[in-house]
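Novice: Sequence plus predicted model, see below.
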Amino acid sequence: MKGKKATGAYYTPNYLADFIFSRLEKDLKSCKNISILEPSVGNGSFLDALLRSRVHNDKNITIKAIDVNRSEIIKLKKRNFVNIKINFFHKDFLRYKQNTREFFTLIIGNPPYIKKRLLSGNQKILGKRIHKNSGLSEKAFKNIWSVFLAKSITLLDDNGILAFILPSEILQVKYAKELKNYILKIFKRIEIYTFSDLMFECKGQNTIVLIGHKKHSKEGIYYTHISDINQVENKNITLIKNETIQSLDIKWTHHILDCEDLKFLNNIKESLNCVEDYCISKPGIVTAANNFFIIDSDTEEEYKWEKYTKPILQKGTFIQTGIIFNQSDYRRLSITGKPIKLICLNENNLDKLNKKNKEYLLIGEKMNIQNRYKCRIREHWTIIPNISDPPEGFFFKRSHLFPKLVKNEANVLATDSAYNIQMLDKYNINSFIFSFYNSLTFVFSELGGRYYGGGVLELTPKEFKELPIPYLNITNSDFKDLSFRFKNCMNIKEILNYTDFLLLSKIGLNREKILKIQNLRNMLSLKRCGIN
């Protein structure tokens, strides 16, 4: 693993740079004159990989290498890159020749990963301008890597190739859909390489390799998934064309499913209602400072908050097992010292606080909590808005092995780590929770959500609402049976095997189709967790 650049980018490992050039050798073989641009050269990993590859054999190659880090450019200028003409520039790529008419055969690199809010004011202005000039909206500008991508595409010649290492969020998140459509419009052939493991450190982000060809004899979108580093080093790669994933508007991350699998799943989904047809789901409470506004029982007693607190569940991880959170579970959290009380102030009680209450609030002011953005825009920084009644259930937006939906028998509130569930008329929470735990709904959780390094799965409110549910009215006995299985820490495969044949058979699926769905869920879950 290489060291982190001060600019928010990470150095590319040699094996990954070598792999990318190995994929380019055939396409650049017939080119005698090659112009290359590397917009964030770093320590020169791609330059070294070029020298180790066969791309530079018997060719006239010119390179422009740019980096915002002066010390890296100075070090690279001192090195001897044999038989290659390289011009080094110490410059922010966003400022590089904004009106240039120079175009390149190949643009290659590993753009920096810096969130928009961390950029300078001038960088934000340039980023918006670059997006606009490429026909992209400001909504698609969330991180500097998208600006590098958009600007680099405009600098390719008519036969140009772009080869970038990018965060996998381009395949998953909603705002990246616009970028994907832009890429589809520009490139005739797109190759996407995804990986089971983090190939190098990038703030917990999974990474992909994207290679785009503006012209190619074999057009289309091609994918492959690389399970381990040996495949990269041995160049044991097979690309598979998959147009269905685009036509069904499924996230590109899930290219490992073939066309028939995707059509099979989509046909079933179209016959079912979704989460939003059965319940109202809304994000939980945003405190803006959980560690301050959510306190444990000892702190509540010490600072005399008893009159002003409400019970709350701060994290889904506080629920170790089970699909029911009851008073006994809540008391256990209290005994173990977990923060379980939310300080609830309003206009009517703010002027009635006692000495100890004010002492605690003063601690918050010394911590500068009142100047946090979400506190600053409140009528008073201590008054948390939108504290509603406790919901019937919780869905935790982030999960690991499987999504978690829980009944709220403890009658507590929840933070925005969860979505509050309130059932619509005619439907009940027990049947909804029971119906949620099945392999089909879990498959679409994998397909609809996004994931982070380490295998964390996240669903946005919209993604959760769109999950298909094979809803079935069940008895109290059925619900107790399912709860018993969870409480006794049964394997999720065993639990799903129990619910699948109850639920999925009711919507007309035979044993063969149910087993197929189970296998697809298992495959997607293992891929997300980096196990396969």
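Specialist: In hand now; what should we look at?

Novice: which residues in the stretch 251-400 of the chain form helices?
Specialist: Taking DSSP state H, counting those that start in this stretch as the test, the helices found in the stretch 251-400 of the chain are 259-270, 290-293, 297-302, 327-335, 355-366, 373-376.

Novice: Among these, which comes closest to P468?
Specialist: helix 259-270 (4.6 Å; Cβ to Cβ). (Glycine included, C-beta is placed from N, CA and C.)

Novice: List the buried residues in the closest one.
Specialist: Neighbour-count burial for helix 259-270 flags D261, L262, F264, L265, N266, I268, K269 (criterion: 16 or more other Cβ atoms under 10 Å).

Novice: Among those residues, which has the minimum pLDDT value?
Specialist: When the buried residues of helix 259-270 are sorted by pLDDT, the bottom entry is L262 at 83.

Novice: and the helices of the stretch 251-400 of the chain, which is most packed in?
Specialist: Highest mean neighbour count among the helices of the stretch 251-400 of the chain (mean count of other Cβ atoms under 10 Å): helix 290-293, with a mean of 18.

Novice: got the contact list for it?
Specialist: T287, Q314, P339, L342, I343, G364, M367, I369, I384, T415 (Cβ atoms under 8 Å, 6 or more residues apart in numbering).

Novice: same thing but 7 Å
Specialist: Contacts to helix 290-293, defined as Cβ atoms under 7 Å, 6 or more residues apart in numbering, come from residues T287, Q314, L342, I343, G364, M367, I369, I384, T415.

Novice: what residue ranges in the chain score low on pLDDT?
Specialist: 1-10, 98-100, 172-175, 196-205, 234, 236, 242-256, 453-454, 530-532 (pLDDT under 70).

Novice: So what are the sheet partners of the longest strand along it and their directions?
Specialist: Longest strand of the chain, by residue count under DSSP state E: strand 156-167. Next to strand 156-167 in the sheet, as set by DSSP bridges, lie strand 104-109 (parallel), strand 207-213 (antiparallel).

Novice: for the next helix or strand after that strand, packing partners?
Specialist: Remark: after strand 156-167, the chain's next helix or strand is helix 177-186, criterion DSSP states H and E. Here helix 177-186 touches helix 144-154, going by 3 or more Cβ pairs under 7 Å, 6 or more residues apart in numbering; DSSP states H and E.

Novice: So which bits of the helix it packs on are buried?
Specialist: Within helix 144-154, the residues scored as buried using 16+ other Cβ under 10 Å are I144, W145, S146, V147, F148, L149, A150, K151, S152, I153.

Novice: now do stretch 341-351
Specialist: Of the residues in stretch 341-351, K341, L342, I343, C344, L345 count as buried by neighbour count, 16+ other Cβ under 10 Å.

Novice: Compare the strands paired with strand 156-167 and give me the one nearest F432.
Specialist: Of the strands paired with strand 156-167, nearest to F432 by Cβ to Cβ is strand 207-213, at 35.9 Å.

Novice: how far out from the middle of the chain is the helix or strand that the closest one is followed by?
Specialist: Later in the chain than strand 207-213, the nearest helix or strand by DSSP H and E is strand 220-226. For strand 220-226, the separation from the chain centroid amounts to 19 Å (computed by Cα atoms, centre = their mean, to the nearest Å).

Novice: Just the residues contacting the helix or strand following strand 220-226, thanks.
Specialist: Remark: after strand 220-226, the chain's next helix or strand is helix 229-234, criterion DSSP H and E. Applying Cβ under 7 Å, 6+ apart, the contact partners of helix 229-234 are Y15, L16, F19, I226, I237.

Novice: switch to 6 Å and redo it
Specialist: Residues external to helix 229-234 that are found in contact with it (Cβ atoms under 6 Å, 6 or more residues apart in numbering): Y15, F19.

Novice: and what of stretch 178-192?
Specialist: Residues outside stretch 178-192 that contact it (Cβ under 6 Å, 6+ apart) are 136, 140, 146, 153, 210-216, 219, 221-223.

Novice: show me what contacts G448?
Specialist: Applying Cβ under 6 Å, 6+ apart to G448 gives the contacts E463.

Novice: redo that, cut-off 7 Å
Specialist: L459, E463, E466, L467.

Novice: Can you tell me which of those are buried?
Specialist: So, by 16+ other Cβ under 10 Å, the buried ones in the contacts of G448 are L459, E463, L467.

Novice: export those residues to a markdown table and tack on secondary structure?
Specialist: Compiled in a markdown table, the buried ones among the contacts of G448 are given as follows (DSSP: H, G, I helix; E, B strand; the rest coil):
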| residue | secondary structure |
| --- | --- |
| L459 | coil |
| E463 | helix |
| L467 | coil |
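
Novice: of these, closest to I294?
Specialist: So of the buried ones among the contacts of G448, ranked by how close each gets to I294 (Cβ to Cβ), first place is L459, at 23.3 Å.

Novice: Could you pull up phi and psi at that closest one?
Specialist: phi -120, psi 130 (degrees, to the nearest 10).

Novice: wait, isn't it in contact with K397?
Specialist: Yes: the pair L459 / K397 is scored as a contact, 5.7 Å apart, by Cβ atoms under 7 Å.

Novice: Name the member of the contacts of stretch 178-192 with the most neighbours.
Specialist: S146 (27 neighbours; other Cβ atoms under 10 Å).

Novice: in the longest helix anywhere in the chain, what counts as buried?
Specialist: Among the segments of the chain that qualify as a helix by DSSP state H, the longest is helix 511-528. Neighbour-count burial for helix 511-528 flags I514, K516, I517, Q518, L520, R521, N522, M523, L524, S525, K527, R528 (criterion: 16+ other Cβ under 10 Å).

Novice: how about the fourth one, what does it touch?
Specialist: Think Q518. S439, L496, D500.

Novice: One more pass at 6 Å, please.
Specialist: Applying Cβ under 6 Å, 6+ apart, the residues near Q518 are S439.

Novice: Please apply the same query to the first one.
Specialist: Contact criterion Cβ under 6 Å, 6+ apart gives D500, L504 as the residues in contact with I514.

Novice: Show me which positions of stretch 86-98 end up buried.
Specialist: Using 16+ other Cβ under 10 Å as the test for burial, stretch 86-98 gives I86, F88, F89, D92, F93, L94.

Novice: With N411 as the reference, measure out to the nearest residue to the third one once chain neighbours are set aside.
Specialist: By that I understand F89. Leaving aside its chain neighbours, F89 sits nearest to I66 (4.6 Å; criterion: Cβ to Cβ, 6 or more residues apart in numbering). Per Cβ to Cβ, to the nearest Å, I66 is found 59 Å from N411.

Novice: who's more crowded, the two?
Specialist: I66 (21 against 15).

Novice: element containing the more buried one?
Specialist: Per DSSP H and E: strand 60-67 holds I66.

Novice: The helix or strand just after that strand - contacts with which helices or strands?
Specialist: As assigned by DSSP H and E, the chain's next helix or strand after strand 60-67 is helix 70-77. Here helix 70-77 touches strand 85-90, going by 3 or more Cβ pairs under 6 Å, 6 or more residues apart in numbering; DSSP states H and E.

Novice: quick one: strands adjacent to the strand it packs on?
Specialist: Strand 85-90 sits in its sheet next to strand 60-67 (parallel), going by DSSP bridges.
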